[in-house]
Each structure stands twice: as C-alpha cells, then as structure tokens.
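In: could you work out the structure for the sequence below:
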Amino acid sequence: MGLQNFEEYQVCAITVGVVGDLCRALEDKILPYCDGVMTQLLKDLSSNQLHRSVKPPIFSCFGDIALAIGENFEKYLIYAMPMLQSAADLSAHATAADDEMLDYTNQLRNGILEAYSGILQGFKSSPKTQLLVPYAPHILQFLDALYNGKDMDDSVMKTAIGVLGDLADTLGVHAGPLINQSTSSKQFLDECLSSDDPLVKESADWARIAISRAVSG
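Out: From the prediction side, this is the model:
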C-alpha cells in the first residue's frame, strides 16, 4: 500500500527503501513478489502525481531487485530500461538553476546509476548477459555526458566509474570496443584514479582492471 501512496510521498519513499532492504535480506526469495512490486514502481514513475523526491530511490530499487533476482530480471528489462534511458537523458542535460536543483539532479543521476549497476551485476555470469549489450551504448553516452557536464558530485562520480567497471566486467569482450569508442571513458577513468576521495579512487582502481580485461579480450 505504501508504494501507492502518492499524497504522502515520504511514506512512499520509505516504502521503496524497505523494498530495497528486503531485496538485500531475502535475495532470490523475493522473486514471487517481484511482479507486483515492479508493476507498482513502474506505475509510480509514470504518474504525474509522484513527488520528484521519490524517483531516485525507485531507480535505486530497480538495481536492488535486479541484484536479488539476477537473470530473472529479464522480463522487466523492456519496461525498466526505457524509463532509465529517458531519465538519464534528462538528468545528464539538466541545467540546475540553484544548489537545491543541482542536489536533486545528482540524486537522480545516482539513482539511475545504481539501477544500471545492480542490473549489470545481477546478470553477471549469466548466459543471458547478451540481453544487456543493446543497452551498453546508451549507458556509455550517459557516462560521457555526465563527465562532460562537469557538475557531478563525488557520490555520482564514484557510482558512475563503478558502472563503467560493471559494464566491462559483465559484458567483457562485448564492452571492450564500445569503451574504446567512448569519447571520454579514458579521461574519466584517469580523473577518478587521481581523485582525492579514497572511495572514488577505489572504484576507479577496480574499474581499470575490469576495463583492461574487456579491452584486451
């Protein structure tokens, strides 16, 4: 019921957070409930009544669900990925009029990136990883746009470089040529490797290894 509560948006946001917690605790035992949960989350995102603050945790929740149920997330890809792509395009090119709007934009970016990360990790080592290959160019375009926008906070930077590593790690040789063609992946990685933030640097170190494996084939 909490997921349907548009008017009390704090209740809706808290409920989304609880769903994420349940996914982490139950893992694939959450599977029987996923149709109902995903249907409601997708309905929430499509609603004009939904408070904008609930969108980032909903996107993050996609990632939690995908991590919990792995390749069983396949049937939700055709619904979740277009929504993520649309939100990614808007958030990458958003012009923040003030600090509050920039904070929200970065929260939205982080939620989208956490969804991509969870989906990529959820499909790792599955025979169905090729289902994600068609989405890889758009994910890389999103990362390029974020890097070129120069208004990411450290949290987004850490998640973004992690997603680049997840893409390389999950898709392997399929990701290598795409990463090589990316306009800014190398500069983005280099910048993260030299970051003062130890969490950004740690993510970048891992991404460098995954990318190296993917590119060398």
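In: what about residue 87, neighbour count?
Out: The number of residues packed near residue 87 is 21, by other C-beta atoms under 10 Å. Bear in mind the C-beta positions are built from the backbone N, C-alpha and C, glycine included.
In: tell me the pLDDT of it.
Out: We have a pLDDT of 95 for residue 87.
In: just checking, it touches residue 59?
Out: Yes. Using C-beta atoms under 8 Å, residue 87 is in contact with residue 59, at 6.8 Å.
In: quick check: neighbours shared by these two?
Out: 108, 112 (C-beta atoms under 8 Å, 6 or more residues apart in numbering).
In: list the contacts for residue 190?
Out: Applying C-beta under 8 Å, 6+ apart, no residues qualify as near residue 190.
In: buried ones in the host helix or strand of it?
Out: Per DSSP states H and E: residue 190 is located in helix 185-193. In terms of neighbour count (16 or more other C-beta atoms under 10 Å), helix 185-193 has its buried residues at 185, 188-189, 192.
In: and for stretch 168-184?
Out: Neighbour-count burial for stretch 168-184 flags 168-171, 174-176, 178-179, 182 (criterion: 16+ other C-beta under 10 Å).
In: what is the lowest-mean-pLDDT helix or strand in the chain packed up against?
Out: One helix or strand of the chain scores below all others by mean pLDDT, DSSP states H and E: helix 9-26, with a mean of 86. Under the contact criterion of 3 or more C-beta pairs under 8 Å, 6 or more residues apart in numbering; DSSP states H and E, helix 9-26 touches helix 34-46, helix 55-69.
In: tell me the most buried of these?
Out: Mean neighbour count (mean count of other C-beta atoms under 10 Å) peaks for helix 55-69 among the helices and strands packed on helix 9-26, with a mean of 24.
In: between the following helix or strand past that helix and helix 34-46, how many degrees?
Out: Remark: after helix 55-69, the chain's next helix or strand is helix 74-92, criterion DSSP H and E. When axes from the mean of the first three to the mean of the last three C-alpha atoms, to 10 degrees is applied, the directions of helix 74-92 and helix 34-46 differ by 20 degrees.
In: how distant is the helix or strand that helix 74-92 is followed by from the center of its chain?
Out: Using DSSP H and E, the next helix or strand after helix 74-92 towards the C-terminus is helix 99-123. Relative to its chain's centre, helix 99-123 lies at 5 Å (C-alpha atoms, centre = their mean, to the nearest Å).
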